[in-house]
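[1] Need a 3D model of the sequence below.
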Amino acid sequence: GNELSGVLLVRSWLRTPVFEAFPSLEVDTFIANERAVELCRRYVDFDLNRAFSKSLLEEHGAISEPDTYEAKRSLELNARLGPRFSDRAMDLCIDLHNTTSNFGQGIIITNTSPEHFHWKLQLCAFLAETRQGVRVVCDGLGGAEDEPFLPLTAK
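    Numbering: from 1, shown residues only. Sure thing, here's the model as predicted:
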């Protein structure tokens with residue numbers, strides 16, 4: 001919503017596709033919370049960044065018509081990228097953010113379960129080697145069943 005770095009980058013990619021040079025790579029770019037962007041607010045009803053836990057997705061899915069924009073959007077995005085915990089889920093989801101804290105450039109890794117952790121560590125090592133001052137944070141060591149983050153809709 002009010003974190004515009006990712007919004008500007010995605011809008012640029014939508015205007016001028018850059019991934020066509022990689023025909024074997026399927027890339028789906030979108031703005032997750034378009035209504036919050038329109039309002040220039042972090043969110044409309046509740047934080048979409050915390051709407052993707054297994055329990056919340058099940059709760060929202062059990063309601064025939066979710067009552068908030070973010071609840072509806074979490075179900076749409078889960079279906080588009082996942083569904084979460086399925087073999088059909090996309091291989092990777094990159095969720096772009098910026099912060100008002102003094103974090104600098106960085107990457108936050110979620111879902112550090114063994115089947116995912118090795119390649120994520122390789123990515124972090126590459127970034128640390130090629131980008132001076134990049135910070136790496138591992139959030140939530142172990143499984144991720146009830147972690148609420150959008151990238152976890154992918155494998």
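[2] On the three-state scheme, His60 is what?
    Following DSSP: H, G, I helix; E, B strand; the rest coil, the label given to His60 is helix.
[3] What's the separation between the closest residue to it other than its chain neighbours and Asp91?
    Nearest residue to His60, sequence neighbours excluded (C-beta to C-beta, 6 or more residues apart in numbering): Ala71, at 4.5 Å. Backbone N, C-alpha and C define where each C-beta goes, glycine included. Distance, Ala71 to Asp91, by C-beta to C-beta, to the nearest Å: 26 Å.
[4] So what does the residue of the chain positioned farthest from its centre look like in phi/psi?
    Centroid-distance maximum for the chain: Ser64 at 25.0 Å, with C-alpha atoms, centre = their mean. For Ser64, the backbone dihedrals (degrees, to the nearest 10) come out as phi -60, psi -40.
[5] Could you point out which residue ranges in the protein have low pLDDT?
    Confidence mapping of the chain against pLDDT under 70 gives the ranges 1, 111, 140-144.
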